[in-house]
Structures are given as C-alpha cells and as structure tokens.
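Chemist: This is the structure alone, sequence omitted:
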C-alpha cells in the first residue's frame with residue numbers, strides 16, 4: 001500500500017471527519033485544455049498534506065488520476081488509461097486535461113487531505129462544440145409556381161449540443177404549415193466523436209411574389225448563431241398576359257422597316273409566337289419578333305400576336321403608316337438664256353398637313369416665280385416638304401447664260417500717281433474672257449452672279465486709245481477708252497492731264513478773263529473821258545481839241 005492510501009486509512013481510523021461538498025459544473029470547449037478547479041480555486045488549508053484527483057469511470061467506479069504531496073512538491077500520475085498522457089495539476093491544484101473531448105463529460109473529484117481533515121470537491125465537466133457554418137445542399141434548379149418542390153437541405157456538422165436550424169425568406173423565419181411549407185429536421189451523432197450533425201429539408205410552394213426572394217438557413221447554438229449563404233431561385237410560371245410592341249424610332253413612315261415584338265409574362269418566356277399580319281397567320285419559332293420590310297401606305301391597320309399553344313392569349317396594336325409624296329418640275333440642271341422664262345411647278349400628296357420651305361444656294365427663300373430671267377436668278381433651288389418626322393426634298397439648278405456685254409470701261413490715276421488703273425466690267429455666262437490692247441503690270445479679276453470685273457495697271461508714255469474685249473462661247477463685245485500720257489514731254493500741261501476736256505476749259509477761262517479785263521479798262525477810260533467832257537458842257541462851251549489829241553484818243557481806243 002502506497003503512503004497516501006496508508007495515510008488516508010490512518011486518518012480515517014483516527015476519526016478524521018470526511019466532508020463532501022455539493023457538485024459544481026464546469027463548461028469546457030471541445031479540443032481545448034479543460035481546467036477543473038479544486039474547491040472553486042480556494043486556498044488550501046495550512047496543514048495540507050497532499051491533493052489527489054480522481055474521476056468516475058464509464059462503469060460508475062472511481063479511478064485515480066494523480067496525487068501531489070506537499071513534501072515532494074511534484075505530482076505523481078496514477079492513471080493508466082487515456083488520461084495518463086493528458087492530465088496534469090496547476091499550482092492552485094486545478095486539474096488540467098488537454099485536448100478536451102466529449103469523453104471528458106464526467107465527474108472529477110478533488111480530494112484535499114490535511115492533518116486535521118479530509119475534504120472532497122466533486123466537479124461535473126460539460127464539453128461544448130461550435131458547429132460548422134450551415135450550408136444548403138441539393139438545391140433545386142428552379143421552383144414551379146403553386147407546386148410543392150424540395151428547395152434544399154440545410155446541414156450543420158460536429159456540434160455539441162446539437163444545433164437548431166431555422167429556414168428564412170428575406171430574413172424572416174418561415175413557419176412550417178405542412179402544406180405550402182414543409183420542414184423535415186433530423187440529428188445524427190458520430191459514434192466516434194459523439195458530435196451531432198443537424199439537417200433540415202425544406203419543401204416549398206412558390207408564388208410569383210417569390211421572384212427574387214432570398215432563402216437562407218439559420219443555425220442556433222449555445223456558442224454562436226450562423227447563417228448560410230442566401231440563395232435566390234428561379235420561379236417558373238405560365239404566361240398570364242401577352243403584349244405587342246411596335247418598334248420604330250418615330251411615327252411609321254412609308255418605306256420604313258417596322259419590327260413587331262411579342263412579349264408574354266411567363267417564366268421561362270415562350271420561344272415561339274404566332275403573328276397575324278393583315279389576315280395571315282405567321283409562325284415565328286425561337287424568336288419573339290417579326291419585321292415588316294419597307295412598309296407601304298396600305299399597311300395601315302391592326303396587327304396581332306398570340307401564344308402558339310393558346311391562341312386565345314393574344315395582343316393587338318394599330319399601325320398608321322404616314323406617307324408624303326413630292327413632285328417638282330423642273331429638276332436637275334436647267335439651262336436658260338437671259339430673257340427666257342421658266343415655270344416652276346411643285347405638287348405634294350401627304351397623309352397629313354405638310355410644311356413646304358424653299359432655299360436658294362443654302363439660304364431661305366420664297367417659292368421661285370420667274371419673269372424674264374436674269375443672271376441673278378441663277379442658283380440651286382431646293383424644295384423641302386416635312387410632315388410628322390418625314391422629309392422629302394427635290395431640287396433644280398438654274399443656269400442663266402448670255403453673250404457678254406460690257407457695262408462699264410473706266411480709268412483713274414493710282415494712289416502713287418505713277419500709274420493708271422483701267423477697269424472693264426461686263427455681264428455674261430459662261431464667265432467672259434477679257435483681252436486688252438495694252439499690256440498691264442498688275443491684273444485683278446472677279447466673277448459672281450454673271451458679273452465680271454477685270455482691272456489692269458498701266459504706265460502710258462503717250463496718249464493711247466485702249467480697247468477692252470470680252471468673249472465667251474456665245475459671243476463678244478468691245479469698248480474703247482482714251483488714256484493720256486503721264487509724262488511732261490508728251491503733253492503741254494503739268495499736273496493732271498487726265499482729261500483733255502479739263503485742259504481746254506482752263507485755256508478758255510484764261511482768254512475770257514483777259515477779255516473781261518480789257519473791257520473793264522475801256523469802260524473806266526470811257527467814263528473818265530465822259531466826265532471830262534461834261535465839264536465843258538456844263539459851262540455851255542464846246543469842247544475843242546487839237547488834231548494830235550484826237551489822233552491819240554483814236555489810237556488808245558483801237559488798242560483796247
């Protein structure tokens with residue numbers, strides 16, 4: 001007999017009182033080290049001799065685990081089974097059991113032996129295990145409306161105690177009613193580990209309101225609440241309504257391609273439809289559309305589509321085909337001669353009120369009404385008619401031709417006073433070609449709306465007669481102009497000799513001035529002589545002069 005047992009017997013024989021405390025419970029975690037306190041961790045008595053741990057075997061008998069004597073200071077393991085490698089004792093006398101499992105759910109007793117007393121403190125160990133995350137298995141590919149269908153099975157594994165499972169829809173618990181919602185739970189225990197796996201199968205009757213609904217499974221356990229990944233299921237249901245859509249960018253116009261699109265609200269949607277086109281039924285398979293190509297104005301009317309397996313399920317749409325016709329006379333290129341006439345005729349035929357507008361050379365204009373054609377009438381005329389998104393355009397280009405006619409031939413001195421600029425202006429179509437009888441140092445030309453201008457810069461050294469001639473394929477015209485020299489040696493007058501008429505006027509003015517001056521002198525002399533003679537008349541004496549004085553007077557009058 002070992003010393004602790006011998007000492008125990010001695011103490012008992014000596015009348016030592018054995019005290020057993022009430023049963024405590026310790027909750028441990030699976031796989032972790034189990035800590036079983038001795039006397040709830042209270043300090044041992046001062047006369048402690050040794051501490052001993054023992055346990056209750058599966059058959060109900062007591063088994064020794066270890067003993068620690070105060071004198072030796074080390075614990076001696078007495079267990080011979082699985083506990084031999086897993087038990088130890090802490091400084092505060094707590095029993096330590098590594099790698100806790102469900103096999104450790106039993107009663108462990110701490111025996112405290114002192115010189116005056118012997119006490120036992122039994123402790124029951126409970127081991128809890130958190131379950132795995134719930135997972136939905138065997139999920140349905142789809143749910144059929146109004147039909148009880150197995151949605152899936154939710155499973156959580158390796159728990160202690162067993163977890164409870166609850167099905168939810170959109171976060172709200174589903175209440176099993178045995179009809180539309182049927183839940184079948186079950187629990188299985190692993191014989192090797194003693195851990196429990198809980199499963200729950202849900203059968204569900206879907207409605208159209210379940211489209212997009214989120215189903216999940218909630219696990220409830222002492223250690224945690226966990227939720228599975230939410231699942232959304234496709235809901236199949238038959239069509240209850242059919243609609244027909246006319247696909248067009250705007251009002252349907254004659255010549256447009258118009259697509260009819262049939263839609264049914266079933267899921268999955270029908271893959272084939274019947275289209276009723278102007279009294280004829282057309283089957284379209286694997287498509288929900290039918291295209292009317294280049295629709296005619298006679299296409300106005302009602303169009304329908306229906307389900308292939310139920311023609312009573314149909315929809316209809318009315319199509320109104322708008323049309324607009326435009327006829328313009330003339331069109332293309334119109335070639336006319338100046339002075340000709342041209343009649344323009346525009347006719348339109350439309351399914352509604354149409355707006356007519358005209359442009360000439362890209363600018364807004366009134367409807368063309370021509371009298372005798374002129375060059376300004378030439379241009380590109382566009383007639384545009386619009387109605388409800390439909391536009392029609394037709395055009396003609398009017399070309400007005402005529403032989404060239406010179407309208408002006410002028411000259412002027414250049415700003416530098418060293419040159420003269422001759423300008424010849426003409427009208428004609430096609431564009432006239434200018435020719436001069438003199439060479440120029442600089443030329444400029446322009447042509448617009450049948451009017452042509454050509455300028456040349458010259459330096460005349462003598463007085464010239466210059467000719468401007470214009471030609472096109474229809475004829476020619478000629479005009480001349482006199483041009484004076486710019487140099488002194490070639491003219492009698494300095495300064496501007498631009499116009500011979502101005503020089504003649506200047507000479508005439510000078511001569512007239514001299515004549516007027518002579519007349520004034522003569523008038524003054526006559527008045528003087530008259531006044532002198534009046535003096536003799538006043539006295540009644542006859543004026544008498546010598547013959548020499550009379551001669552001088554006659555000579556003076558003659559010179560004047």
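Modeler: Nice, thanks for sending it over. From a predicted model like this one, the values you see are computed outputs, not experimental measurements. Numbering: from 1, shown residues only.

Chemist: from here on, contacts and neighbour counts on C-alpha atoms
Modeler: OK.

Chemist: since we're on the closest residue to residue 48 other than its chain neighbours, how many residues are nearby?
Modeler: Using C-alpha to C-alpha, 6 or more residues apart in numbering and skipping residues adjacent in sequence, the residue nearest residue 48 is residue 114, 4.1 Å away. Using other C-alpha atoms under 10 Å, residue 114 has 19 neighbouring residues.

Chemist: so residue 480 touches residue 466, yeah?
Modeler: Yes - here residue 480 reaches residue 466: they are 5.4 Å apart, a contact under C-alpha atoms under 8 Å.

Chemist: ok so, going back, OK, contacts around the residue nearest to residue 48?
Modeler: By C-alpha atoms under 8 Å, 6 or more residues apart in numbering, the contact set of residue 114 is 45-50.

Chemist: now with 7 Å?
Modeler: Applying C-alpha atoms under 7 Å, 6 or more residues apart in numbering to residue 114 gives the contacts 45, 47-49.

Chemist: what do you get for residue 418?
Modeler: With contact set as C-alpha under 7 Å, 6+ apart, residue 418 has no partners.

Chemist: State the pLDDT value of residue 442.
Modeler: In this model, residue 442 is scored at 87, pLDDT.

Chemist: what does residue 41 give?
Modeler: Per-residue confidence (pLDDT) for residue 41: 90.

Chemist: number of nearby residues for it?
Modeler: Other residues close to residue 41 by other C-alpha under 10 Å number 11.

Chemist: what's the spacing between it and residue 47?
Modeler: Look at residue 41 and residue 47: by C-alpha to C-alpha, to the nearest Å, they are 17 Å apart.

Chemist: ok so, going back, and the residue nearest to residue 48, how far from residue 46?
Modeler: In terms of C-alpha to C-alpha, residue 114 sits 8 Å off from residue 46.

Chemist: got it, and residue 406?
Modeler: Between residue 406 and residue 46 the computed distance is 147 Å (C-alpha to C-alpha).

Chemist: Which strand runs longest in this structure?
Modeler: strand 390-413 (DSSP state E).

Chemist: Which strands and helices lie in contact with the helix or strand that contains residue 455?
Modeler: Using DSSP states H and E, residue 455 sits in strand 451-458. Where contact means 3 or more C-alpha pairs under 7 Å, 6 or more residues apart in numbering; DSSP states H and E, strand 451-458 is packed against strand 420-429, strand 442-448.

Chemist: And those: which comes nearest residue 100?
Modeler: Residue 100 lies closest, by C-alpha to C-alpha, to one member of the helices and strands packed on strand 451-458: strand 442-448, at 109.6 Å.

Chemist: residues of the closest one that come out buried?
Modeler: Using 16 or more other C-alpha atoms under 10 Å as the test for burial, strand 442-448 gives no buried residues.

Chemist: One more: stretch 81-89?
Modeler: Those would be 83, 87-89, for stretch 81-89 by 16+ other C-alpha under 10 Å.

Chemist: Can you lay out these as TSV showing pLDDT and distance to residue 288?
Modeler: Output for those, formatted as TSV (pLDDT from 0 to 100; distance: C-alpha to C-alpha, whole Å):
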residue	pLDDT	distance to residue 288
83	95	75
87	96	76
88	95	78
89	95	80
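
Chemist: among these, which are in strands?
Modeler: For the buried residues of stretch 81-89, the ones inside strands are 87-89, with DSSP E as the criterion.

Chemist: so where do the strands sit in the stretch 401-550 of the chain?
Modeler: 420-429, 433-436, 442-448, 451-458, 464-472, 475-483 (DSSP state E, counting those that start in this stretch).

Chemist: Which one of those lies nearest to residue 216?
Modeler: Closest to residue 216 of the strands of the stretch 401-550 of the chain, according to C-alpha to C-alpha: strand 442-448, at 84.8 Å.

Chemist: ok, residues contacting that closest one?
Modeler: Contacts of strand 442-448 (C-alpha under 7 Å, 6+ apart): 452-457.

Chemist: Please apply the same query to stretch 401-409.
Modeler: 336-338, 423-430, 432, 470-472, 474-477.

Chemist: what residue ranges in the chain are flagged as low confidence?
Modeler: Low-confidence segments of the chain, defined by pLDDT under 70, span residues 1-22, 488-513, 517-522, 524-560.

Chemist: Within its sheet, name the partner strands of whichever strand or helix holds residue 110 and how each one runs.
Modeler: Using DSSP H and E, residue 110 falls within strand 107-114. With DSSP bridges as the test, strand 107-114 is paired with strand 48-56 (antiparallel), strand 118-128 (antiparallel).

Chemist: Next, format these as TSV and append mean neighbour count and distance to residue 98.
Modeler: Shown next, in TSV, are the strands paired with strand 107-114 (neighbours: other C-alpha atoms under 10 Å; distance: least, C-alpha to C-alpha, whole Å):
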stretch	mean neighbour count	distance to residue 98
strand 48-56	21	15
strand 118-128	21	12
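
Chemist: can you list those in TSV and add distance to residue 389?
Modeler: Output for the strands paired with strand 107-114, formatted as TSV (distance: least, C-alpha to C-alpha, whole Å):
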stretch	distance to residue 389
strand 48-56	98
strand 118-128	78
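
Chemist: Can you check which of those gets nearest to residue 267?
Modeler: Nearest to residue 267 among the strands paired with strand 107-114 is strand 118-128; the distance by C-alpha to C-alpha comes to 47.6 Å.

Chemist: Show residues contacting the closest one.
Modeler: So strand 118-128 is contacted by 17-21, 23-30, 38-39, 101-102, 104-113, 160-161 (C-alpha under 7 Å, 6+ apart).

Chemist: at 6 Å what do you get?
Modeler: Contacts to strand 118-128, defined as C-alpha atoms under 6 Å, 6 or more residues apart in numbering, come from residues 18-21, 23-30, 39, 102, 105-112, 160.

Chemist: Now stretch 316-333: buried residues?
Modeler: So stretch 316-333, judged by 16+ other C-alpha under 10 Å, has buried residues 316, 320-324, 326, 328, 330.

Chemist: now the nearest residue to residue 174 once chain neighbours are set aside: how far from residue 295?
Modeler: Ranked by C-alpha to C-alpha, 6+ apart and with sequence neighbours excluded, the top spatial neighbour of residue 174 is residue 168, at 5.2 Å. Applying C-alpha to C-alpha, the value for residue 168 to residue 295 is 55 Å.

Chemist: Likewise for residue 177?
Modeler: 59 Å.

Chemist: quick one, which of these two is more surrounded?
Modeler: Ranked by neighbour count (other C-alpha under 10 Å), residue 177 and residue 295 place residue 295 first, with 17 against 9.

Chemist: how about the closest residue to the more buried one other than its chain neighbours, secondary structure?
Modeler: Using C-alpha to C-alpha, 6+ apart and skipping the chain neighbours, the partner closest in space to residue 295 is residue 255 (5.1 Å). Of the three states, residue 255 takes coil under DSSP: H, G, I helix; E, B strand; the rest coil.

Chemist: Give the burial count for residue 255, as a bare number.
Modeler: 15.

Chemist: try residue 42
Modeler: Look at residue 42: counted by other C-alpha under 10 Å, it has 10 neighbours.

Chemist: Likewise for residue 249?
Modeler: Counted with other C-alpha under 10 Å, the neighbours of residue 249 add up to 9.

Chemist: again with residue 29
Modeler: With other C-alpha under 10 Å as criterion, residue 29 counts 18.

Chemist: One more: residue 310?
Modeler: Neighbour count of residue 310, defined by other C-alpha under 10 Å: 11.

Chemist: tell me which element it is part of?
Modeler: Per DSSP H and E, there is no helix or strand for residue 310.

Chemist: I'd like the distance between it and residue 239.
Modeler: In terms of C-alpha to C-alpha, residue 310 sits 10 Å off from residue 239.

Chemist: sorry, back to before: phi first, then psi, for the residue nearest to residue 295.
Modeler: Reported as degrees, to the nearest 10, the phi and psi values for residue 255 are phi 100, psi -10.

Chemist: Wait, it touches residue 297, no?
Modeler: No - taking contacts as C-alpha atoms under 6 Å, residue 255 lies outside contact range of residue 297: 8.4 Å.
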